[in-house]
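>>> with the sequence up front, the predicted model follows.
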Amino acid sequence: MVKIGVLALQGAVREHVKCLEAPNTEIVIVKKVDQLADLDGLVLPGGESTTMRRLIDLYGFFEPLKEFAGEGKPMFGTCAGLILMAEEIVGYDQGHLSVINMKVQRNAFGRQRESFETDLLVTDVGEDIRAVFIRAPLIVEVGENVQVLSKYGDEIVAARQGHFLACSFHPELTDDHRFHQYFVSMVEEAKANN
Ligand SMILES: NC(=O)CC[C@H](N)C(=O)O
């Protein structure tokens, strides 16, 4: 049994909870810092990264989230959550939580492609993962220690560095729960090795 939190300051929280629900998971909707204490993993949902950062600071989550990551506890960021995890953001002086060695660009798809759906090959997850993109960021560069899990054309849209997993799209908005299952197995593995 693993205990996984979904950061619930803003964004698509309930959808993630639905995707994580399984006999071997306990899910916590995280609204207060002290709820992080006994979690084995955490999901950072989509929404608006600037707003989410403001709320992270307002409710004192910044340092506790850094510590959580520093303890090697797995994190999974989707869309705005991915932006929060990146070390570098194009056009900004610094990243937010800066846990994945990658550079991202916000709202990277042109206007007529602001929102779209497609099927993607995601390494270790599946060949036809339904991906919903909504004003999505792109990963424009990754460090050597980052594994590229998926590309849309030439663009990187999912990556993993150790215990940290991120994707540009919204797997939580589909009935396909394989991406979340992959994260749950990362959490189980990290817990077993701790
Ligand atoms: N769906 C999303 O999470 C969009 C991300 C948003 N465009 C941002 O920059 O934070």
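Happy to help now that I have it.
>>> quick one, what contacts the residue sitting furthest away from the middle of the chain?
In the chain, counting by Cα atoms, centre = their mean, Q112 sits farthest out from the average C-alpha position, at 24.8 Å. Under the criterion of Cβ atoms under 8 Å, 6 or more residues apart in numbering, Q112 has no contact partners. Backbone N, C-alpha and C define where each C-beta goes, glycine included.
>>> tell me the secondary structure at it.
Recorded secondary structure, Q112: helix (DSSP: H, G, I helix; E, B strand; the rest coil).
>>> how far away is it from the ligand?
If you measure Q112 against the ligand using Cβ to the nearest ligand atom, to the nearest Å, the figure is 16 Å.
>>> for S150, list each beta-bridge partner.
Beta-bridge pairing for S150 (DSSP bridges): A158.
>>> just checking, it touches G126?
No. Judged on Cβ atoms under 8 Å, S150 makes no contact with G126 at a distance of 9.9 Å.
>>> what pLDDT does the residue farthest from the centre of the chain get?
pLDDT, Q112: 71.
>>> from L149, how far out is the residue nearest to V125 when sequence neighbours are not counted?
Spatial nearest neighbour of V125, chain neighbours left out: Y182 (4.8 Å); criterion: Cβ to Cβ, 6 or more residues apart in numbering. Using Cβ to Cβ, to the nearest Å, Y182 is found at 9 Å from L149.
>>> what is in contact with those two at once?
Common neighbours of Y182 and L149 (Cβ under 8 Å, 6+ apart) are 124-125, 165.
>>> and which of the residues you listed is nearest to the ligand?
L165 (15.6 Å; Cβ to the nearest ligand atom).
>>> next one: phi and psi at the closest one?
The phi and psi torsions at L165 (degrees, to the nearest 10) take the values phi -130, psi 140.
>>> thinking it is in contact with M75, fair?
Yes. Using Cβ under 8 Å, L165 is in contact with M75, at 7.2 Å.
>>> host element of the spatially most central residue of the chain?
When the chain is reduced to its mean C-alpha position, the nearest residue by Cα atoms, centre = their mean turns out to be G77, at 0.9 Å. Assigned by DSSP states H and E, G77 belongs to strand 75-78.
>>> good, we can wrap up now.
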